[in-house]
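below: sequence and its predicted model.
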Amino acid sequence: MSGTETGFLLLATLDRLLSHFRFLVTLRSREGEYHPLILFRLTPDQGQGNPPCEHAPDLPGTARHQLYAMEANCPHLGADMSHADIEECETGIVAVCPWHRYDFDLRTGKSETGLRACTYAVEVRLDDDGVEHVWVETPSGGSDWRLVELRPVSEAFADPPVQPPDISHLAISSTAPAAEEDIVPKDDAPTTLVQWAVLILNTGNPLLKVQRTRHAVELFRTGQLKSIGHRSPNAPRPPDIPPREEAYSRNTVDPAKTARRKNRAMMLHALANIEQWAIDLAWDIMARYGAEHPDLPPAFFTDFAKMALDEAKHFTLLTSRLAALSPSTAYGSLPVHASLWESAQVTFPSLRSRLAIIHLVHEARGLDVNPGTIERFRRAGDLESVSVLETIHHDEVTHVTTGHRWFTWLCAKQGVDPVVTFREEVKRGWRGDVKGPFNVEDREKAGMTRDFYQDLKGEMGISTQNTPQIRVEY
């Protein structure tokens, strides 16, 4: 069965969509246009926002599940629709935007307000072997659409009821202080996304940083933060260097001294350190460049808030695994480096440079090295760590996709060629070769075709003083 046909695109087999009730779907056309959708999976007895009941396995897919696809952002002000309430009304089932309660019919996209959201037909088709496949109608205006992201909306409201993850048990250096601050400060609590971003950037305790990230993203996604805040003249500025509490910062060393990781615990510790900096980078891009680019749409902030949440999840997974693998090796007890942030400092003057260097060089390099790291743990028989690292790798593909999406969007706004511009940015902001071997398949999935990175060399620092001379393996 082909993955495409005129007007429709194959998403997945139906059984892959039974784990959750909402999925983020990102499509990309041959012309480089991105189109994000939300796939809603309801059941016949679902209504009034109640959790779906177990399906009847003897019914065909189209009767067992009601599948709807809608554009991922509200046509009113661009709010993320992944957390829309699902309600029944006289005319049918509607998705209600969490920001301003605009409702849109899941079949037609019509709203009583007069607005209309784009909706796309979804079909369940049987192949010759009796396997059910889910197809979605493709957007108009592009050609050769392909699926670049299919991931569940995994918050508690969309999952079977579970307790939120408890991160209090994580192995942290015994000399490190506990997070004594409240998740929401008692004084001057943030009211915008950018205010939360700056607060999180200034949070030195890693556990509190994770907790605040989860809380802020939840507020934003569920409409409890109705302002991004990047256009405010009083928006706070991010720190030049996010602080680390002394217990964690005292082991910060030159990157060369951490280059050889001799055992699995050291590797997990080093990866957790990278993920902690990655949390900061996701918040920093929103706070640092939002005021300079007031035309950035809400979808930009939705994408990077999702990335911040992913990085917080990765940090938690890695430190949890570290605690299980080596209880005596607490996070913060081994040397770490800050090269990723030092590399980001080179990009402070330009959003375009930040997207190129951090998301399309560093994170793309992660796609290259991750498979080898995963195989090393697999050879050691550490399948629990393999599972963690595979989850992280899958997410990182979507992060490079996000970088590519917004880099090409910015280039289009500025009227420049994205490939030529990317290579120019790398020459200015990178030192040495952008070296392989390359994970061509995952890079291409994320939009990074070979013409972006082949035979590319950075020239930063050749005749520059007082500029960080950084090249770090992500």
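Alright, I've got the coordinates.

which stretches of the stretch 101-250 of the chain aren't confidently modelled?
The model of the stretch 101-250 of the chain has pLDDT under 70 over residues 154-180, 247-250.

all strands of it, in order?
Here the stretch 101-250 of the chain has its strands, by DSSP state E, counting those that start in this stretch, at 103-105, 119-120, 122-126, 132-137, 146-152.

what packs against the fourth one?
Taking 3 or more Cβ pairs under 8 Å, 6 or more residues apart in numbering; DSSP states H and E as the contact definition, the neighbouring helices and strands of strand 132-137 are strand 8-13, strand 66-71, strand 122-126. All C-beta spots, glycine's among them, are computed from the backbone N, C-alpha and C.

try it again with 6 Å
Other elements packing on strand 132-137 under the criterion 3 or more Cβ pairs under 6 Å, 6 or more residues apart in numbering; DSSP states H and E are strand 8-13, strand 122-126.

I'd like the ones you listed as JSON lines, with mean neighbour count appended.
Shown next, in JSON lines, are the helices and strands packed on strand 132-137 (neighbours: other Cβ atoms under 10 Å):
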{"stretch": "strand 8-13", "mean neighbour count": "18"}
{"stretch": "strand 122-126", "mean neighbour count": "16"}
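
got the contact list for the residue positioned nearest the centre of the chain?
Centroid-nearest residue in the chain: M307, 2.8 Å away (criterion: Cα atoms, centre = their mean). Going by Cβ atoms under 6 Å, 6 or more residues apart in numbering, M307 touches 282, 399.

on that earlier part again, please work out which of the strands of the stretch 101-250 of the chain is packed deepest.
strand 103-105 (a mean of 23; mean count of other Cβ atoms under 10 Å).

other residues contacting it?
Contacts of strand 103-105 (Cβ under 6 Å, 6+ apart): 92, 94-96, 111, 117.

quickly find the element holding L322.
Using DSSP states H and E, L322 falls within helix 298-325.

what angle do the lengthiest helix in the chain and helix 298-325 make?
Criterion DSSP state H: the longest helix present in the chain is helix 383-414. Put simply, helix 383-414 runs at 160 degrees to helix 298-325, going by axes from the mean of the first three to the mean of the last three Cα atoms, to 10 degrees.

buried sites along the next helix-or-strand element following helix 383-414?
Counting by DSSP H and E, the element after helix 383-414 in chain order, helix or strand, is helix 418-429. The neighbour-count check on helix 418-429 (16 or more other Cβ atoms under 10 Å) flags 418, 421-423, 425-426, 428-429 as buried.

so H35 sits in a strand?
Yes. According to DSSP: H, G, I helix; E, B strand; the rest coil, H35 belongs to a strand.

pull up the per-residue confidence for it.
The model reports H35 with a pLDDT of 95.

which strand residues bridge it?
Beta-bridge pairing of H35 under DSSP bridges involves L27.

distance of R237 relative to H76?
30 Å (Cβ to Cβ, to the nearest Å).

re the thing from before, list only buried entries from the contacts of strand 103-105.
By neighbour count, with 16+ other Cβ under 10 Å, those hold 94-96, 111, 117 as buried.

TSV for these, including distance to L17?
Listed next are these as TSV, based on distance: Cβ to Cβ, whole Å:
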residue	distance to L17
V94	21
A95	18
V96	22
S111	26
A117	21
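
farthest-separated two in those residues?
Spatially, the most separated pair among the buried ones among the contacts of strand 103-105 is V96 and A117, at 11.5 Å (Cβ to Cβ).

show me where this protein has helices.
Secondary structure of the chain (DSSP H): helices at 61-64, 193-201, 206-221, 246-249, 264-289, 298-325, 339-345, 351-354, 363-379, 383-414, 418-429, 440-445, 450-453.
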